[in-house]
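>>> This is a predicted model, with the sequence first.
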Amino acid sequence: MRAGFKVWHGEEGMTQILGAVTSEGIMVATDSVATEVDPQGNERRFPVEKLFSVGSHAFIVSGGMGISVDLSLSFKRYVEERGLPGIEPMIPAAGAFLNGQLGEALRVSRQPVGEQGELERIYFLLGGYSFRSVETPYQLALWGSETGRVPLKRIQVGAGVAIPRALAAEVRLNRMAMDKRPLGEILDFAHQFLAKVAASGPDVGPPFRFGVLTSSGFKLLEPGLALERQ
């Protein structure tokens, strides 16, 4: 981040993220817009990657403060260097790692928090496969802060999640997951929802990113291929 510039991801400080857990796997979707504001208050929007694989059977996606992408990449490297096996050890590791790294980044930069309202929100959604659990092989974990302060809090999620919260989208995702709809059908809905949000303003927009996690591993889909049935 350039000195004097502020960067955040998504609408009112938040990327639009969707996730759903089914018996078949996990669907995750996000937009790619970031906004940079220079010291004079001028805005510039540009695309950034926010969704990353973590090893072969997990992913992380983030939104809010611009530093969230760097922290996601740092966590990806942390897990892959240590070869953490499956989602179970990743969840406690993520809570400790992300809290520690965010706290250190804020301390070093001496960045004031809480002064920009929604621009200071930060969220991380981690999804992964369990090599141990037959009952819950696919798991999601969410951490967030509304103020950009540590500690990041673990937030309970259901079978469907929308970040920032969008009740209609969450209800639809939960229903589709509970009805065991195919992942391809859920991807269709995610694409339609992101397109609708993008049409309402410039802060959420394409290229949209989609991923699918199954027992075979995590697949980050190429832009424009989300509607292909998995």
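Thanks, I have it. Residues are numbered from 1 along each chain as shown.
>>> if I look at the residue most central in space within the chain, how far off is Arg175?
Among the residues of the chain, Val61 comes closest to the average C-alpha position under C-alpha atoms, centre = their mean, at 2.7 Å. Going from Val61 to Arg175 by C-beta to C-beta, to the nearest Å gives 22 Å. Where C-beta positions appear, they are placed from N, C-alpha and C, glycine not excepted.
>>> Could I get the pLDDT score of Pro206?
On pLDDT, Pro206 comes in at 87.
>>> Go ahead and confirm it touches Arg45.
No - at 11.7 Å, Pro206 does not count as touching Arg45 under the criterion of C-beta atoms under 8 Å.
>>> quick one: which of the two has more around it?
Shown here are Pro206 and Arg45; by other C-beta atoms under 10 Å, Pro206 has more neighbours (14 against 11).
>>> Which helix or which strand is home to the nearest residue to Arg121 once chain neighbours are set aside?
Take Arg121 and drop its neighbours on the chain: the residue closest to it by C-beta to C-beta, 6 or more residues apart in numbering is Gly64, 4.2 Å away. In the assignment (DSSP states H and E), Gly64 maps to strand 58-65.
>>> Could you list the paired strands of that strand along with their orientation?
The strands beside strand 58-65 in its sheet (DSSP bridges) come out as strand 6-9 (antiparallel), strand 51-53 (antiparallel), strand 122-129 (antiparallel).
>>> Give the rounded mean pLDDT of the longest one.
When the per-residue pLDDT values of strand 122-129 are averaged, the result is 97.
>>> ditto for the second one
Mean pLDDT, computed over strand 51-53, is 97.
>>> any residues touching it, and which ones?
The contact list for strand 51-53 (C-beta atoms under 8 Å, 6 or more residues apart in numbering) reads Val28, Thr30, Phe59, Ile60, Val61, Ser72, Leu73, Lys76, Arg209, Gly211, Phe218, Leu220.
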